[in-house]
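Asker: Let's see this in three dimensions:
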Amino acid sequence: MQKKIILASSSPRRIDMMKKHGFDPIIKPADIDETLPADIGMRDAVMFLALKKALSVEPIAENGSIIIAADTVVYKDGIMGKPKNRQDAFAMLSKIRNTSHFVTTGVALIAAGKNDKKVFCDVTEVFCKNYSDDEIQAYLDTDEPYDKAGAYAIQGIFGKHIDHYEGSFDNVVGFPWALIEKELQNFY
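Answerer: Residues are numbered from 1 along each chain as shown. Below you'll find the predicted structure:
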């Protein structure tokens, strides 16, 4: 018998990935304050936020169900989350142009009502091509960049500006499935 899975996210990408792998999660988006402690590192930041999201959903979860929460950031000379506006998105995309950056996703798994939890992260290095300011502006005219860490979707329109990556593609999408699947096995 498969346990109930609660996804503490409203991310269409995370929901689609769960369904693609045969899960039909209960969607309970976490509503948390995402303020980070001062001087926190990239890996610790995403794991801190993922755990905070999972814990925020636990009180409404049925005992024994598994809560999955994730948080993704882009790192290039500092942590970049989702852009606040067009100007912020332009600055992010300019910063990662013609260079590499790191995408880190933290994941928290909690067995509701038990003491079982696992928090981990995955890191992928992404190398961008040298695209122009006009190409950035054209991309910003789409809806794609505004709800994504680093202001881009590797699996979307922006993918043509990616030269290559080292690590997990799914991690860059925001849900490192191979690691999640491995850790989920510990909860069954």
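
Asker: Please list the outside residues in contact with the helix or strand of the chain with the lowest mean pLDDT.
Answerer: Ranked by mean pLDDT, DSSP states H and E, the weakest helix or strand in the chain is strand 79-80, scoring a mean of 90. Residues outside strand 79-80 that contact it (CB atoms under 8 Å, 6 or more residues apart in numbering) are 36, 42, 45, 73, 74, 92, 95, 149, 150, 151. Backbone N, C-alpha and C define where each C-beta goes, glycine included.

Asker: Walk me through which strands it pairs with, and which way each runs.
Answerer: Sheet partners assigned to strand 79-80 using DSSP bridges are listed as strand 66-75 (antiparallel).

Asker: Any idea how many residues pack against residue 97?
Answerer: Per other CB atoms under 10 Å, the neighbour tally for residue 97 reads 18.

Asker: Verify the contact between it and residue 126 for me.
Answerer: No. Applying CB atoms under 8 Å, one finds residue 97 not in contact with residue 126, separated by 11.8 Å.

Asker: now for the helix or strand hosting residue 121, which elements pack on it?
Answerer: Using DSSP states H and E, residue 121 falls within strand 117-128. Here strand 117-128 touches helix 42-57, strand 100-111, strand 162-166, helix 169-173, helix 177-184, going by 3 or more CB pairs under 8 Å, 6 or more residues apart in numbering; DSSP states H and E.

Asker: could you redo the last one with a cut-off of 10 Å?
Answerer: Secondary-structure packing of strand 117-128 (3 or more CB pairs under 10 Å, 6 or more residues apart in numbering; DSSP states H and E): helix 42-57, strand 66-75, helix 86-96, strand 100-111, strand 162-166, helix 169-173, helix 177-184.

Asker: contact partners of the last one?
Answerer: Helix 177-184 is contacted by residues 3, 5, 14, 17-18, 20-21, 23, 66, 68, 70, 105, 107-109, 118-122, 168-171, 176 when judged by CB atoms under 10 Å, 6 or more residues apart in numbering.

Asker: What residues sit buried inside that helix?
Answerer: Across helix 177-184, burial judged by 16 or more other CB atoms under 10 Å covers 177, 179, 180, 183, 184.

Asker: Check the fifth one too.
Answerer: Judged by neighbour count using 16+ other CB under 10 Å, the buried positions of strand 162-166 are 162, 165.

Asker: Same check on the longest one?
Answerer: Buried positions in helix 42-57, judged by neighbour count with 16+ other CB under 10 Å: 42-43, 45-57.

Asker: just stretch 125-139 next, same as before
Answerer: For stretch 125-139, using 16+ other CB under 10 Å, the buried residues are 126, 128, 131, 135, 136, 139.

Asker: Likewise for stretch 66-85?
Answerer: Here stretch 66-85 shows 66-76, 79-83 as buried, counting by 16+ other CB under 10 Å.
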